[in-house]
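Visitor: Next input, structure requested:
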Amino acid sequence: ALGRPGLSVIAEHKRRSPSAGLIRDGVAIEAVLGAYERGGAAALSILTEPGSFADIGCGSGVLAIVAARLGFGPVLALDYDPLAVSATKVNASVNGVELQAAALDLRTDQVPVCDLWAANVLAGPLRTWAASQREAPDHVILSGLLCAEVSEVAGAFAVHARPRDERGRQTLDARACDAA
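Guide: Below is the predicted model:
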């Protein structure tokens with residue numbers, strides 16, 4: 001969406017916000033997203049309902065902290081670097097959120113299946129991680145990828161995918177990079 005010439009709109013759907021609380025209760029997500037698509041949105045952003053969350057390769061813990069503030073729980077923050085795990089614990093305390101930070105090696109350890117995984121990790125480690133996992137959740141948010149890498153990484157995680165819904169939706173989608 002951002003690589004296209006001219007104005008592009010990225011439309012977002014969320015039911016609640018940390019500052020405003022409940023925004024839109026009882027609205028069918030499909031109806032909202034369908035309206036955005038018909039209105040010409042170049043990309044869609046969906047903030048899921050809070051559930052369990054794992055921040056993979058957490059670094060300072062920013063994704064885990066935001067997830068906890070948005071109401072996700074339990075929240076896991078996982079990294080192979082003990083300094084990152086320590087920094088995440090300190091940052092969670094400073095920000096007044098509850099989460100569990102622990103060491104994890106993506107090459108060998110199984111990530112607990114949560115409602116949502118998020119990882120800002122390079123393509124190589126993501127492919128290795130995908131190959132090492134026995135299960136994956138329905139929703140995985142991956143960033144830090146080049147557009148040329150999205151399809152391959154999506155394919156690595158697709159082996160864990162559950163059947164698509166009636167509209168053919170999938171968790172990882174390379175369409176956002178089509179214009180790049």
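
Visitor: Quickly list what the most centrally placed residue in the chain is bridged to.
Guide: Central residue of the chain (C-alpha atoms, centre = their mean): residue 141, 2.5 Å from the mean position. Beta-bridge pairing for residue 141 (DSSP bridges): residue 118.

Visitor: and stretch 134-146, C-alpha only, in PDB?
Guide: Output in PDB follows, covering the C-alpha atoms of stretch 134-146 (Å, rounded to 0.1, in the frame of the first residue of the first chain):
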ATOM      1  CA  ARG A 134       4.600 -28.600  15.600                       C
ATOM      2  CA  GLU A 135       1.700 -26.100  15.900                       C
ATOM      3  CA  ALA A 136       1.000 -22.500  15.200                       C
ATOM      4  CA  PRO A 137      -2.000 -20.300  16.100                       C
ATOM      5  CA  ASP A 138      -4.500 -19.000  13.600                       C
ATOM      6  CA  HIS A 139      -3.000 -15.500  13.800                       C
ATOM      7  CA  VAL A 140       0.700 -14.700  13.300                       C
ATOM      8  CA  ILE A 141       2.000 -11.100  12.800                       C
ATOM      9  CA  LEU A 142       5.500 -11.000  11.300                       C
ATOM     10  CA  SER A 143       7.400  -7.900  10.600                       C
ATOM     11  CA  GLY A 144      11.000  -7.100   9.600                       C
ATOM     12  CA  LEU A 145      10.600  -8.800   6.200                       C
ATOM     13  CA  LEU A 146      11.400  -7.600   2.700                       C
END
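
Visitor: how about it: buried residues?
Guide: By neighbour count with 16 or more other C-beta atoms under 10 Å, stretch 134-146 contains the buried residues 136, 137, 138, 139, 140, 141, 142, 145. Every residue, glycine included, has its C-beta placed from N, CA and C.

Visitor: Any stretches of the protein with poor pLDDT?
Guide: Scanning the chain for pLDDT under 70 picks out the ranges 1-8, 13, 15-19, 24-25, 27-30, 44-49, 138, 160-180.

Visitor: hey, where'd the helices end up in it?
Guide: 29-38, 62-69, 82-94, 123-132, 147-158 (DSSP state H).

Visitor: Rebuild these as a markdown table, extending it with distance to residue 53.
Guide: Output for these, formatted as a markdown table (distance: least, C-beta to C-beta, whole Å):
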| stretch | distance to residue 53 |
| --- | --- |
| helix 29-38 | 18 |
| helix 62-69 | 4 |
| helix 82-94 | 13 |
| helix 123-132 | 17 |
| helix 147-158 | 17 |
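
Visitor: Deepest in the core, which of the ones you listed is it.
Guide: helix 62-69 (a mean of 21; mean count of other C-beta atoms under 10 Å).

Visitor: Summarise which helices and strands it is packed against.
Guide: Judged by 3 or more C-beta pairs under 8 Å, 6 or more residues apart in numbering; DSSP states H and E, the packing partners of helix 62-69 are strand 53-56, strand 75-79, helix 82-94, strand 116-120.

Visitor: This completes my enquiry, with thanks.
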